[in-house]
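> Just the structure for this:
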Amino acid sequence: MFIVLVLLVAGTGLLVMGYDKLHTAVPTCFGKPMSPGDVCHARPVEVTEGMPKPQDSTYAEQLDSLTSGGWTAIGIGAAVLALAVVLAAAFTTSAIQERRDP
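Predicted coordinates:
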């Protein structure tokens, strides 16, 4: 039953975090808040084989990244909560069976 409680807490936390990202998060550029029309210029770094080249990103792209992360957290949180419900039902069913069949 401890697993069900952990899953409930984790799922709820992910839902709250996702909601927060969708409604209150502000795009940032290296820790500084951005406003519409801003462009975050990538810092120059040495690019090695297999590494993507850093690219500049606009306010809209940064905001899109935040909102997609929020939706991802909400989706995973909902899946974790569903798993908790299924496990709770399985534990309950097995406990009822054990009481019937001593």
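
> low-scoring stretches of this protein, by residue?
45-52, 101-102 (pLDDT under 70).

> Which strands and helices lie in contact with the longest helix belonging to it?
Using DSSP state H, we find that the single longest helix of the chain is helix 59-100. For helix 59-100, the packing partners by 3 or more C-beta pairs under 8 Å, 6 or more residues apart in numbering; DSSP states H and E come out as helix 2-24. C-betas here are computed from N, CA, C, even on glycine.

> In space, not sequence, find me the middle residue of this structure.
Centroid check for the chain by C-alpha atoms, centre = their mean gives Ala73 as the closest residue, at 2.3 Å.

> which residue sits closest to that residue in space, ignoring its chain neighbours?
Using C-beta to C-beta, 6 or more residues apart in numbering and skipping the chain neighbours, the partner closest in space to Ala73 is Gly18 (3.3 Å).

> For that neighbour, give its distance to Val80.
Counting by C-beta to C-beta, to the nearest Å, the separation of Gly18 from Val80 is 12 Å.

> can you check Gly13 too?
Counting by C-beta to C-beta, the gap from Gly13 to Val80 is 9 Å.
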